[in-house]
Structures are given as structure tokens and as C-alpha cells.
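Undergrad: how does the following fold in three dimensions:
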Amino acid sequence: MINTSEQNLQRMKVLSQAIVQVATKMKLQSTELAEILNIDNITAAQLLKHQYLISEHTELWTSAAYFVRFYSLLSQMVGGNEILAIDWIYSVNDNFNQQTPISYIKQGNLTKVYEYLETMANV
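TA: Below is the predicted model of the structure:
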């Protein structure tokens, strides 16, 4: 039987690894990931090097979960085509004040972009 602390550690590993996978697919540098998740550059660099685990019940946990869901939903919407996903992320969008979605996300609007995608997926 797995105890609670082992389960917590496993969830921390899963989310942290998922963030690394998304950042890799999006070709993000640690400085960009830091902006997106609202963390310092050192923590972002450690996260990308698998030297940091995101703790549950923190603001970072919530942001990271949204970011993974955001990319997962986007990927589903483009049929898993990573090129189309990346093109969308880095293309100017009228719905985000003539900014790219990634720029809008970096300004603290991750949940807004996620909610926009959610709405578009349900149309």
C-alpha cells in the first residue's frame, strides 16, 4: 500500500515532468517558463533540468496545472499537430489584444487563454 506522502511525491513528479514536456514542445527557455508560471528564473531552470518538483497546494501548482491543460487542449484542437499548435501560440490573435497567445499568457493571462480555448473547443 502506498502512503500519502508517496502519493504526493508521485503527483509532484507527474506535474513537474508534464511541465518539462510542454516547455520542450513549445521550445521555451527557462526565462519564458518563469514568466508564464510567475516564478524566478533559477526555479524555472531547475524545473527544466528535473531538479525541482512543484509542490501541491501552491500557486505554482495551480499555474502549472493550467499550463499543462492549456497545451493539452490546444493539441487536441489541432489534432495533435505540434507545428499547428506552435504556429497558433506564436501568431498574433485578435482575441488577445493583437498579441500572440504566448505574449498574452506571459502577462498573467494564462487562465483567460485557457478559457478562450475551452470555449472554442465547445463551439
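
Undergrad: tell me where the model's unsure across this structure.
TA: By pLDDT under 70, the weakly predicted segments of the chain are 1-3.

Undergrad: for it, what's the longest helix?
TA: helix 4-25 (DSSP state H).

Undergrad: so what does T58 look like in phi/psi?
TA: phi -130, psi 160 (degrees, to the nearest 10).

Undergrad: can you show me the helices along the protein?
TA: 4-25, 30-37, 41-48, 59-77, 82-89, 101-104, 110-121.

Undergrad: how about those helices in CSV, adding distance to N95 and mean neighbour count?
TA: The way it works is simple: take the backbone N, C-alpha and C, and place the C-beta from them, glycine included. Putting the helices of the chain into CSV (distance: least, C-beta to C-beta, whole Å; neighbours: other C-beta atoms under 10 Å) gives the following:
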stretch, distance to N95, mean neighbour count
helix 4-25, 21, 15
helix 30-37, 18, 20
helix 41-48, 27, 18
helix 59-77, 14, 17
helix 82-89, 11, 15
helix 101-104, 9, 20
helix 110-121, 6, 15
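
Undergrad: may I have the residues that are in contact with the residue nearest the centre of the chain?
TA: By C-alpha atoms, centre = their mean, the chain has its centre lying nearest to F67, at 2.4 Å. Residues in contact with F67 (C-beta atoms under 8 Å, 6 or more residues apart in numbering) are 19, 22, 36-37, 110.
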